[in-house]
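Trainee: Next come a sequence and a model predicted from it.
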4 protein chains.
Amino acid sequence: MINVTIWNENVHEQDPGKLGDIMRGIYPDGIHGYLKKALAADDLFIRTATLDMPGQGLPDDVLNTTDVLLWWGHAAHAKVDDALVDRIQERVRGGMGLIVLHSGHMSKIFRRMMGTSCCLLWREVAEKERVWCIDPSHPIAKGIPSTFVIPHTEMYGERFDIPQDGHIVFMSWYEGGNVFRSGVAFQRDMGRIFYFAPGHETFPIYHEEYVQKIIANAIRWAAPVCEIAERKCTHEVDSTEKVYSENPLANVDTSALHKTLA
Amino acid sequence: MINVTIWNENVHEQDPGKLGDIMRGIYPDGIHGYLKKALAADDLFIRTATLDMPGQGLPDDVLNTTDVLLWWGHAAHAKVDDALVDRIQERVRGGMGLIVLHSGHMSKIFRRMMGTSCCLLWREVAEKERVWCIDPSHPIAKGIPSTFVIPHTEMYGERFDIPQDGHIVFMSWYEGGNVFRSGVAFQRDMGRIFYFAPGHETFPIYHEEYVQKIIANAIRWAAPVCEIAERKCTHEVDSTEKVYSENPLANVDTSALHKTLA
Amino acid sequence: MINVTIWNENVHEQDPGKLGDIMRGIYPDGIHGYLKKALAADDLFIRTATLDMPGQGLPDDVLNTTDVLLWWGHAAHAKVDDALVDRIQERVRGGMGLIVLHSGHMSKIFRRMMGTSCCLLWREVAEKERVWCIDPSHPIAKGIPSTFVIPHTEMYGERFDIPQDGHIVFMSWYEGGNVFRSGVAFQRDMGRIFYFAPGHETFPIYHEEYVQKIIANAIRWAAPVCEIAERKCTHEVDSTEKVYSENPLANVDTSALHKTLA
Amino acid sequence: MINVTIWNENVHEQDPGKLGDIMRGIYPDGIHGYLKKALAADDLFIRTATLDMPGQGLPDDVLNTTDVLLWWGHAAHAKVDDALVDRIQERVRGGMGLIVLHSGHMSKIFRRMMGTSCCLLWREVAEKERVWCIDPSHPIAKGIPSTFVIPHTEMYGERFDIPQDGHIVFMSWYEGGNVFRSGVAFQRDMGRIFYFAPGHETFPIYHEEYVQKIIANAIRWAAPVCEIAERKCTHEVDSTEKVYSENPLANVDTSALHKTLA
């Protein structure tokens, strides 16, 4: 059983005006609620979490029992506490999977894990997006055809500022002339990370069969393979092999050097 | 002319006891002062900066005129202001080179740029280190033999938690049985980063000819190739190619969705 | 059920003199025969094949029913027919797993798949090798400790001429001062390839528990995920999206350009 | 001074019919002759070579004095002698640069260097191609805008079967709905390789300013940095560090094991 938590900032869904109406029309229970139903499966225990919940939705008892975290954020990236981002980053390093959706490319947690700015070009004119499967042998591509269409999308275009070790699983073509690495898989420490671009809030993109299947595949791929534990520097006091060199500082206590200043 | 700034936390050098005596014996002007002299060359304008200086040594007028930043830190990583780390990271993304030395693997700036924990094994028994050049065609390896020795070193061993896109230029063998990716080159956004492990404070490692040459090579390699500018997401309002799809939300003003909540 | 074929050139085993005696002492049924027994498991159907068999051990009915091919070769690399190497390469591209053992780094098939020379340093003085697990989260590292020893080995040392996209799972330390990327995983087209260095013929290295476990893990990791099929360029005659540009050569039959000259 | 050799199969140019007329209209001196003029510069010594010349254009005295080889081939890949491909591959491994143009993706030499099948989708309807610069900091991208258009092109589309360590410098968008990694840089042994897709024979693509500039940049980037020498396995007879382990086969002459069977 994989413990999945779907985090959503849940901001646009609560807009009192027309924009909120559009979103509520597409996702009556919010993006998180919709995805929870769409991804339901026997091997997944799925919870949802939102920014307005206690602990911003991810108090210790939730985060520390999450195997794979999905992240949808857009307008409220800055509102996520740095301390929470620290805790999520620590857990991803330890082995928790992280699936970053759409505008989450600018989320604190994704930029933290990447180190880069994660900048890109964007345009919102409801143009057509055509997704190409670049590596049909990747677990995330299982059951996905070589190409499929998202009828109306927000354009995300290159140059996309991500590190070069991303395994490109999907690339997108946009009607308006752009291209994008739209599905990219990373490893950081023991944790696996998948970024997937399609998912603009005002079009029913998460209703698309293949979009759902890709996210479902990504969850299984990103599930931890080892027990999740904090990464630490380890003092290997005794060497595994005999050291023959004489220590010129053998009579000096250097332990003070290794104390961290607060 | 490349503008180089050598940053040193300059903590161990000021220790009033025996450890400080050892360091002052090896580096009378501090590691930063020693490297400044050792790296002096016609194409380099070298400044030094230390943690105890105003703005922690890197106020705007220094950082924003730096092309390549060298970083030596150990005990005082936690004392470096997060706001300074933000500014350095922004500038590396824009194209500034960053050369991280020895215990800088746990510095805030290196861990920020990598996203990973940068953890490793370590041991301080003055054992021998043998460095191997893994890619003689890399600019940082120019003039470096296939292998050379550091007589006494602190051991840094695998597993080293760094991303997999590091171009391995050097690997190290340690007498006590460990191995390490000891010289690794990265690109993040427009900036180039080189991590180089040798450089323990209580042994005269920066006196070594090849260690100096590697750092000198790395500076030239990491120098910016474009004008350094902040990375930004760009709203490409007008598509380069004609969009034929009809916008189902053509009559809706969605601009409010793109406002960031403070 | 994974169909595994263990190919061995089986040359040293047949040496009539003392060297053959040594090998027969360690591997009475040859390296292939020994590995077949050591790797036996319910999910594996294992066959062996040797150079002196018809079709050099890999006629169509064997190769085309193999999911994962293990390759041990040393003295007789040049004797393997180029046409057979073509067929193996084609099948790896299609998705067959390939596990290249020890001196197989200079086999025709490994050099074909890599493109590089696969050269390295070597020395045979029975020194100790210490293997380090570089990525404990990789499937091939499952159940392997962070380090283990091979008491007597042939040294393989860097610079190892392989492409940079190898996922390093294991690195080795040698008593005589060398380091080596000793377990490296690649993908080529749809096929997965794992190179594993330990396995010198005159020491009982395949008797080692962890060496066996690594090979066993690698077989499962390299098993095909899609149906194995020849990779082909595909003429996508009709575009998926409408082309508006006028074809200046619309009235010219260019099909002759696309005929391959024999 | 960089010694450049532009190799062209020069087949379509000699077609006696309408297709040949079209090509001769665009490239009166052949693609090789056109590029020689277009790339002329003080730091380049440029020669041309064609399949119908003695030694298929690359006898020892030409190949062994070439620093960077450009390759244009299409219909006659199969006619290139395997022995010549062996010699080119050996020289690229030693450090010669290789720039593979357009349909050269299926050339023997490119497939040799990659190991993969290098297959792709294709279509020839004169559609528009829009090239995006993915890494403005790469030397090959110097002076190239973020995007530019090729008015009429042959489409090359993903899935493109190349290894994952290609540094993507350019990606292309095609009017008909496809995307492609159209400019990709590799290193193999000491040699640098750049594949660049634009260059279909029946459209004047090499007349384009930015296409020329990219190829010109690639030549400088791919120029050898070390003296070109054959890659060899090296017997490091004496270890750099003392081996303490006792050799159980110390009294056995194992040298016969290291003799290669012809």
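Mentor: Structure's in. What do you need?
Trainee: and the residue of the stretch 151-262 of chain A nearest chain C?
Mentor: residue A:190 (4.5 Å; C-beta to the nearest C-beta). Any C-beta I mention is one placed from the backbone N, CA and C, and that applies to glycine too.
Trainee: surely that residue meets residue A:90?
Mentor: No - if you go by C-beta atoms under 8 Å, residue A:190 and residue A:90 don't touch, sitting 11.4 Å apart.
Trainee: any common contacting residues for the two?
Mentor: Common contacts of residue A:190 and residue A:90 (C-beta atoms under 8 Å, 6 or more residues apart in numbering or on different chains): residue A:231.
Trainee: three-state assignment of the residue nearest to residue A:189 when sequence neighbours are not counted?
Mentor: Spatially, and ignoring its direct neighbours in sequence, residue A:189 is nearest to residue A:93 (3.8 Å; C-beta to C-beta, 6 or more residues apart in numbering or on different chains). Here residue A:93 is recorded as helix under DSSP: H, G, I helix; E, B strand; the rest coil.
Trainee: got the contact list for the residue nearest to residue A:105 when sequence neighbours are not counted?
Mentor: Leaving out its chain neighbours, the residue that sits closest to residue A:105 by C-beta to C-beta, 6+ apart is residue A:118, at 4.8 Å. Each residue near residue A:118 by C-beta under 8 Å, 6+ apart is listed here: A:105-106, A:110-111, A:160-162.
Trainee: From those residues, keep the buried residues only.
Mentor: A:105-106, A:110-111, A:160-162 (16 or more other C-beta atoms under 10 Å in any protein chain shown).
Trainee: Show me the strands in the stretch 101-250 of chain A, by range?
Mentor: Counting by DSSP state E, counting those that start in this stretch, the stretch 101-250 of chain A has strands at residues A:121-133, A:147-157, A:167-174, A:179-188, A:191-196, A:234-235.
Trainee: Is any residue of the last one near chain C?
Mentor: No - Strand A:234-235 lies apart from chain C when judged by C-beta under 8 Å from any C-beta of the partner chain; the minimum separation is 9.3 Å.
Trainee: near chain B at all, that strand?
Mentor: Yes - using C-beta under 8 Å from any C-beta, strand A:234-235 reaches chain B at A:234-235.
Trainee: by contact count, what packs against that strand?
Mentor: strand B:121-133 (3 or more C-beta pairs under 8 Å, 6 or more residues apart in numbering or on different chains; DSSP states H and E).
Trainee: average pLDDT across the strand it packs on?
Mentor: Averaged over strand B:121-133, pLDDT sits at 97.
Trainee: In CSV, list the C-alpha atoms belonging to it.
Mentor: Presented in CSV, the C-alpha positions along strand B:121-133 are these (Å, rounded to 0.1, in the frame of the first residue of the first chain):
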residue,chain,number,x,y,z
LEU,B,121,31.4,9.8,5.0
TRP,B,122,34.4,11.4,6.6
ARG,B,123,37.5,10.6,8.8
GLU,B,124,40.4,12.7,9.9
VAL,B,125,43.5,10.5,10.4
ALA,B,126,45.9,12.2,8.1
GLU,B,127,45.8,9.3,5.6
LYS,B,128,47.1,9.5,2.1
GLU,B,129,44.8,10.6,-0.8
ARG,B,130,45.4,9.7,-4.4
VAL,B,131,43.6,11.8,-7.0
TRP,B,132,42.7,10.3,-10.4
CYS,B,133,41.9,12.4,-13.4
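Trainee: Wondering if it reaches chain A at all.
Mentor: Yes - remark: strand B:121-133 sits within contact range of chain A at B:121-128, by C-beta under 8 Å from any C-beta.
Trainee: Just give the closest residue to the residue of the stretch 1-150 of chain A found nearest chain C, not the sequence neighbours.
Mentor: The nearest approach of the stretch 1-150 of chain A to chain C comes at residue A:137, 4.5 Å away (C-beta to the nearest C-beta). In this structure, residue A:137 finds its nearest non-sequential neighbour in residue C:190, 4.5 Å apart by C-beta to C-beta, 6+ apart.
Trainee: Confirm for me that that neighbour is in contact with residue C:94.
Mentor: Yes - if you go by C-beta under 8 Å, residue C:190 and residue C:94 touch, sitting 6.0 Å apart.
Trainee: shared neighbours of those two, which are they?
Mentor: C:228, C:231.
Trainee: neighbour count winner among the two?
Mentor: residue C:190 (24 against 19; other C-beta atoms under 10 Å in any protein chain shown).
Trainee: need the contact list for that one.
Mentor: Taking C-beta under 8 Å, 6+ apart as the test, what residue C:190 contacts is A:136-137, C:93-95, C:224-226, C:228, C:231.
Trainee: can you do 6 Å?
Mentor: A:137, C:95, C:226 (C-beta atoms under 6 Å, 6 or more residues apart in numbering or on different chains).
Trainee: Make a PyMOL selection of the buried ones in those residues.
Mentor: The following PyMOL line selects those of the contacts of residue C:190 that are buried, judged by 16+ other C-beta under 10 Å:
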select buried, (chain A and resi 137) or (chain C and resi 95)
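Trainee: ok, the contacts of residue C:190 vs chain D, which is closest?
Mentor: residue A:137 (10.0 Å).
Trainee: how near is residue A:60 to chain D?
Mentor: Between residue A:60 and chain D the distance is 37 Å, computed by C-beta to the nearest C-beta, to the nearest Å.
Trainee: How about residues contacting stretch A:121-131?
Mentor: A:147-150, A:152-157, A:170, A:172-176, B:234, B:236, B:243, B:245, B:247, D:177.
Trainee: thinking residue A:174 is in contact with residue A:154, fair?
Mentor: No - using C-beta atoms under 6 Å, residue A:174 is not in contact with residue A:154; the gap is 9.5 Å.
Trainee: who in chain A is up against chain C?
Mentor: For chain A, the contact set with chain C under C-beta under 6 Å from any C-beta of the partner chain comprises A:137, A:190, A:225-226.
Trainee: hmm, try it at 8 Å
Mentor: A:95, A:128, A:130, A:136-137, A:139, A:142, A:147, A:173, A:175, A:187, A:190, A:225-226, A:240-241.
Trainee: In a markdown table: the contacts of residue C:190, plus pLDDT.
Mentor: As requested, the contacts of residue C:190 are exported to a markdown table (pLDDT from 0 to 100):
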| residue | pLDDT |
| --- | --- |
| A:137 | 96 |
| C:95 | 98 |
| C:226 | 88 |
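Trainee: Show me what from chain A comes close to chain D.
Mentor: Residues of chain A lying near chain D (C-beta under 8 Å from any C-beta): A:130, A:132-136, A:146-147, A:157-159, A:164, A:167-168, A:171-174, A:177-179, A:242, A:244.
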